[in-house]
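everything below, folded, please.
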Amino acid sequence: MRTHAKAALCVLTALALAATMGGPGAFANRATDVPTATDQAHAALARQAGVEGMVLLENHGSSLPLPASGPVALFGVGAHKTVKGGTGSGDVNNRYTISVRQGFEAAGYTVTTSAAYWDAMSTGADGASGGGGMWGGIDYSALEIALTEASVQPTRATDHAVYVLARNSGEGSDRSSGAGDYLLSATERANLELIGRTYANVVVVLNVGGIVDTTFYKSINASTAGFGGGRALDSMILMSQAGQESGHALVDVLSGAVSPSGKLTDTWASAYWLYPASATFARGDGDSLQEDYTEGIYVGYRYFDSFHRSGKPNDPDGSVNYPFGYGASYTDFSVEVDSVTATAETVTVTSTVTNTGTTYPGQEVVQVYFSAPQTGLDKPYQELAGFGKTGTLAPGESQTLTITFPTTEMSSYDQARAAYVLEGGDYVIRVGNSSRATSVGGILQVPTTLVTEQLSTQETDQSLPNEMTSDPANFYSYPGEAAQIAAAPKVQVDFTGFTAPNNASPYVQSVAVDPSSAYHEVDGNLMSTIEALIDPAQTDWEGSGLPYQP
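Numbering: from 1, shown residues only. Take a look at the predicted model:
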């Protein structure tokens, strides 16, 4: 499957994540403890990346931004042992990691958390080990300390509390769907409820490298009366794992020095079982060695949008807590489509973004999706084609963004032809700031079906008989969508002179594999052949003392 811009939105938040793949070289020692000019420049870039990757999920009653300084109570293991990146090679030997507490204190805040809680929590966290060196993750939920009516009280009066929920995973440290990982532990939930009853303004920070349950936010607010009868939990932000400048970057956002502008790279469902592979993935079916990718192309938003009314997301209006591409700000924006044009090579979408707020500057991300005609090949409701991020816009300021993507990116793969095919029909271009907040910008009319790239079949024995296909009757829709489609300007795409590239491989699977071979399980009965140039003078092949034998 080609990716191109279809997966490119991940850049927005991936910059905020420390790498979780690499090699042992990531642990090399530094030659000096004196920061160089390059070190300082890289630290500044890491801080900027961390800031721009954070995603504001909830913000009620102007909970955020916090006052620029003053007292604040910090809770959660992540406030002290802030997760900078994943396990394995994500656990690089960086010069330092700024914790959330260090970030607040460096910005001039006074941390008012009681010693009874903080000392017990931090001592346990400092002594914790993942059990597997660089490959083992720490169980952050198990390190949390239960708060009491006494230990939750601040040492100095403050309305503001920040709870940092931390999780880690990566090489050698897989996730689980239960309490203490995907779900809150009992201690974490009880602490959040108590904090909500004690403080007027409670901010939840998700210091995580992957999706966790966020339904607790609604659940606690529904079951727990907050301080003074208000909300128990007021705002929530996805910090992710923001690298060595984590604490500084988070406080830049929470204090309002920078308005949050990151967008989600996943769909965050309201329950784990709603994900299509939840029952079989990893330990879900007791077999982590055999993984059948029966969801096919229906991963993430393409699943939730295409199976919206299918029965598995049996509450279509509540199955998605936060859609793909979502991210709020301290200000508001309007996105107006100026034009949609297309040639055989390129689709171009021009739009004007305006900061319609009155107080805060900010950045917005314009996302362009397309919906292909539902004829012939199986296709999802929509696919991301491109995106663009504005500069920082002051209140009332506008910026025009031009987003382009290859016209052939709208093709679908046809296994029968071993080719990408652009089927004739109407392609709906959608423009907005998340996968569930778009409007129709135009209709591209493709006059006839054409092959856009010829390939060749390499695997003939790997198909899954129960791979998902969609039904347009189950597709997501929104009020006014049909009227928008009917009124949208139509653009005829001229493919005169277009020639599809032939990228069919000259190699074929023609070498029989013995069933006893370790390759048989992977490649089946045939392996691909390839010509190799061998030095005829070679008489010691791989130390065997023998010439090479085909």
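
so which helix or strand takes in residue 334?
If you go by DSSP states H and E, residue 334 is part of strand 333-342.

name the residues of that strand that are buried.
Neighbour-count burial for strand 333-342 flags 333, 335, 337, 340, 342 (criterion: 16 or more other CB atoms under 10 Å). Backbone N, C-alpha and C define where each C-beta goes, glycine included.

and the fourth one, what is it in contact with?
The contact partners of residue 340, taken as CB atoms under 8 Å, 6 or more residues apart in numbering, are 347, 348, 349, 350, 429, 441, 442, 444, 489, 491.

in this structure residue 520 contacts residue 511, no?
No - using CB atoms under 8 Å, residue 520 is not in contact with residue 511, being 11.8 Å away.

related to what we said a few turns ago, just the buried ones from the contacts of residue 340?
Buried among these by 16+ other CB under 10 Å: 347, 348, 349, 350, 429, 441, 442, 444, 491.

surely the first one is in a strand?
What it means is residue 347. Yes - under DSSP: H, G, I helix; E, B strand; the rest coil, residue 347 sits within a strand.

and it, how close does it get to residue 379?
Using CB to CB, to the nearest Å, we find residue 347 at a distance of 17 Å from residue 379.

which one of the buried residues of strand 333-342 is nearest residue 192?
Distances from residue 192 to these, taken as CB to CB, are shortest for residue 333 (30.9 Å).

OK, contacts around that closest one?
Residue 333 neighbours (CB under 8 Å, 6+ apart): 353, 354, 355, 356, 357, 362, 364, 393, 433.

could you pull out the helices for this structure?
Along the chain, the segments classed as helices by DSSP state H run 11-14, 37-53, 77-80, 100-106, 115-126, 186-198, 215-223, 246-254, 301-306, 481-487, 520-523.

buried residues in the fifth one?
Of the residues in helix 115-126, those buried under the neighbour-count criterion (16+ other CB under 10 Å) are 117, 118, 121, 122, 124, 125.

didn't residue 260 look like it was pressed against residue 327?
Yes - applying CB under 8 Å, one finds residue 260 in contact with residue 327, separated by 6.8 Å.

between these two, which contacts overlap?
55, 56.

could you dump the buried residues of helix 115-126 to CSV with pLDDT?
Shown next, in CSV, are those (pLDDT from 0 to 100):
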residue, pLDDT
117, 98
118, 98
121, 97
122, 96
124, 94
125, 93
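
of the buried ones among the contacts of residue 340, which pair is most distant in space?
Within the buried ones among the contacts of residue 340, 350 and 444 form the most distant pair, 14.7 Å apart (CB to CB).

quick one: low-confidence parts of this structure?
Scanning the chain for pLDDT under 70 picks out 1-32, 130-136, 313-315, 459-462, 509-510, 522-532, 549-550.

could you rerun that using 90?
Applying pLDDT under 90 to the chain flags the ranges 1-35, 86-95, 128-138, 169-176, 280-292, 309-318, 457-466, 505-550.

and stretch 368-385, end to end?
Terminal residues of stretch 368-385 lie 6 Å apart, using CA to CA, to the nearest Å.

show me which residues of that stretch are buried.
Neighbour-count burial for stretch 368-385 [16+ other CB under 10 Å]: 368-374, 377, 379-385.

from those residues, which ones fall inside strands?
In strands, judged by DSSP state E, the following of the buried residues of stretch 368-385 are found: 368, 369, 370, 371, 383, 384, 385.

output these in CSV; the columns should cover distance to residue 503.
What follows is those, written out as CSV (distance: CB to CB, whole Å):
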residue, distance to residue 503
368, 26
369, 26
370, 23
371, 27
383, 21
384, 23
385, 21
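
looking at those residues, which is nearest residue 74?
Closest to residue 74, out of all of these and judged by CB to CB, is residue 384, at 36.7 Å.

from what I can see the closest one touches residue 366, true?
No - Residue 384 lies out of contact with residue 366 (CB under 8 Å); the separation is 11.6 Å.

so what's the closest residue to residue 155 other than its chain neighbours up against?
Excluding the flanking residues, the one nearest residue 155 by CB to CB, 6 or more residues apart in numbering is residue 112, at 4.8 Å. Contacts here follow CB under 8 Å, 6+ apart; on that basis residue 112 touches 71, 72, 73, 154, 155, 156, 158.

buried ones only from those, please, as a PyMOL command.
Here is the PyMOL command that selects the buried residues among those (16+ other CB under 10 Å):
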select buried, resi 71+72+73+154+158
